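Enquirer: sequence plus predicted model, see below.
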Amino acid sequence: MLSFYKVLQNIGWYASREEFLLFVSRVRSSEDATEVASLVEEFRACADGERVRLVDLATRLSASSHARSGEGTTYVKVRNNIAYIWNFLKLSRYVETERNRIHIPERHRRSVRRVMDASQDAEFVDYLSEQDWLASYGAVPDKANWEAPWTKAEDAREYYQRIGRIDAAAEALTREAPGISEKRVGAYRRVQIMERVLEDILEQNLDELEPGLRLVRRQFPTAVGPIDLLAQDRNDAYVVIELKRGRTSDRVVGQVLRYLGWVTDRLAQGNEAKARAIVVGRNYDRKFAAAITAANRVSPYTYDIRARFEPWPG
């Protein structure tokens, strides 16, 4: 949304339907916004006949990514979904649409500038899937961030470490904590590698965590984010298994309860006896203990990974 604001600001606070279909819909980042704004300005400078030819060309340039859907071109795909896209953008109280254009009225422009000035710490997140991206909208931001609910470096780091992209998580950490030493970044990497190893071990040895557990899927996709491991016990109840991953107590408990609620509703058909959760971590604090007491379907576990070395007898 911030990139969309930036484009509109740079092109007179509005885009025609054709400009949106051809250019504005392709914005993915702040860097894209500058380039897209330039393309819109060039399009506006074209003669009417040239603009008609460009639109005609866009309807005929097929894209292999849209061949399966039968839509053929990116232009056609966006055109077929423009009502949905514009309604989504209108969730912002600053955006309005008319039949052939989308715009930010003058009465809202000062507010949009203020939002953009305050959003210098906004972070682009390379989500694995559209479902993960949509799930991020279901996460309620901390109260302190209600006036700035965009994704920050901390959110990017947590997402990347969850899906095992350790290099990307470490890079996000350097933006989250400017000036952090290489030594601390290295220590962070080692912890994340250990957590990833733990998840690998759990996937293959769930019976060691609890006899009778069997894996349903690792990184199970849900509308509120991917579950580390989803299993079923010997009574066929669903078990959400989450690694603490160094997250704060409030975050890990809140996340687990969201997953548990989703699984209870969608997989266990509302039967609470058929869904529970396990958290696996190294360290727990008093906040976690207080929160977990109220969450009577969540069980905390600790772990210890040891490597044994012996001389080669040969």
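Expert: Arrived safely. Numbers count the residues shown, from 1 in each chain.

Enquirer: where does the stretch 151-300 of the chain dip in pLDDT?
Expert: The model of the stretch 151-300 of the chain has pLDDT under 70 over residues 246, 294.

Enquirer: all helices for it, in order.
Expert: Taking DSSP state H, counting those that start in this stretch as the test, the helices found in the stretch 151-300 of the chain are 153-162, 166-176, 182-204, 206-209, 249-266, 286-294.

Enquirer: give me the neighbour count for R175.
Expert: Neighbourhood size, R175 [other Cβ atoms under 10 Å]: 15. All C-beta spots, glycine's among them, are computed from the backbone N, C-alpha and C.

Enquirer: so who does the nearest residue to it once chain neighbours are set aside touch?
Expert: Distances taken as Cβ to Cβ, 6 or more residues apart in numbering place A153 nearest to R175, at 4.2 Å, with adjacent residues excluded. By Cβ atoms under 8 Å, 6 or more residues apart in numbering, A153 lies in contact with D121, E123, A172, L173, R175, E176.

Enquirer: which ones are touching the nearest residue to the fourth one once chain neighbours are set aside?
Expert: Across the structure, with Cβ to Cβ, 6+ apart as the measure, the residue nearest L173 apart from its sequence neighbours is R157 (5.3 Å). Contacts here follow Cβ under 8 Å, 6+ apart; on that basis R157 touches A169, A172, L173, E176.

Enquirer: returning to what we had before: can you put the helices of the stretch 151-300 of the chain in JSON lines and add distance to S129?
Expert: Listed next are the helices of the stretch 151-300 of the chain as JSON lines, based on distance: least, Cβ to Cβ, whole Å:
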{"stretch": "helix 153-162", "distance to S129": "12"}
{"stretch": "helix 166-176", "distance to S129": "15"}
{"stretch": "helix 182-204", "distance to S129": "19"}
{"stretch": "helix 206-209", "distance to S129": "25"}
{"stretch": "helix 249-266", "distance to S129": "16"}
{"stretch": "helix 286-294", "distance to S129": "29"}
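
Enquirer: now for these, which one comes closest to A307?
Expert: helix 182-204 (10.2 Å; Cβ to Cβ).

Enquirer: what helices and strands are in contact with the closest one?
Expert: helix 166-176, strand 214-220, strand 227-232, strand 238-243 (3 or more Cβ pairs under 8 Å, 6 or more residues apart in numbering; DSSP states H and E).

Enquirer: which stretch of helix or strand covers the residue nearest to Y94 when sequence neighbours are not counted?
Expert: Spatial nearest neighbour of Y94, chain neighbours left out: H108 (4.1 Å); criterion: Cβ to Cβ, 6+ apart. Element membership of H108 [criterion: DSSP states H and E] is helix 106-118.

Enquirer: next structured bit after that helix?
Expert: Sequence-wise, the next helix or strand downstream of helix 106-118 (DSSP H and E) is helix 130-136.

Enquirer: tell me the buried residues in that next one?
Expert: Across helix 130-136, burial judged by 16 or more other Cβ atoms under 10 Å covers D132, A135.

Enquirer: got the contact list for R113?
Expert: Q9.

Enquirer: report pLDDT for it.
Expert: Confidence at R113, expressed as pLDDT, is 90.

Enquirer: centroid-nearest residue for this protein?
Expert: W133 (4.0 Å; Cα atoms, centre = their mean).

Enquirer: was I right to think it contacts F124?
Expert: No: here W133 lies out of contact with F124, judged by Cβ atoms under 8 Å, at a distance of 11.4 Å.

Enquirer: ranking the helices of the stretch 151-300 of the chain by burial, who's on top?
Expert: Highest mean neighbour count of these: helix 153-162, a mean of 21 (counted as mean count of other Cβ atoms under 10 Å).

Enquirer: tilt between that one and helix 182-204?
Expert: 40 degrees (axes from the mean of the first three to the mean of the last three Cα atoms, to 10 degrees).

Enquirer: now helix 153-162 and strand 214-220, what's the angle there?
Expert: Going by the same axes, to 10 degrees, helix 153-162 makes 140 degrees with strand 214-220.

Enquirer: give me the buried positions along stretch 217-227.
Expert: Residues R218, Q219, F220, T222, V224, G225, P226, I227 are the ones in stretch 217-227 that count as buried (16+ other Cβ under 10 Å).

Enquirer: ok now it, how far from the chain's centre?
Expert: The chain centre lies 12 Å from the centre of stretch 217-227; the measure is Cα atoms, centre = their mean, to the nearest Å.

Enquirer: likewise for stretch 121-132?
Expert: On the basis of Cα atoms, centre = their mean, stretch 121-132 sits 4 Å off its chain's mean C-alpha point.

Enquirer: buried sites along it?
Expert: In stretch 121-132, counting by 16+ other Cβ under 10 Å, buried: A122, E123, V125, Y127, L128, D132.
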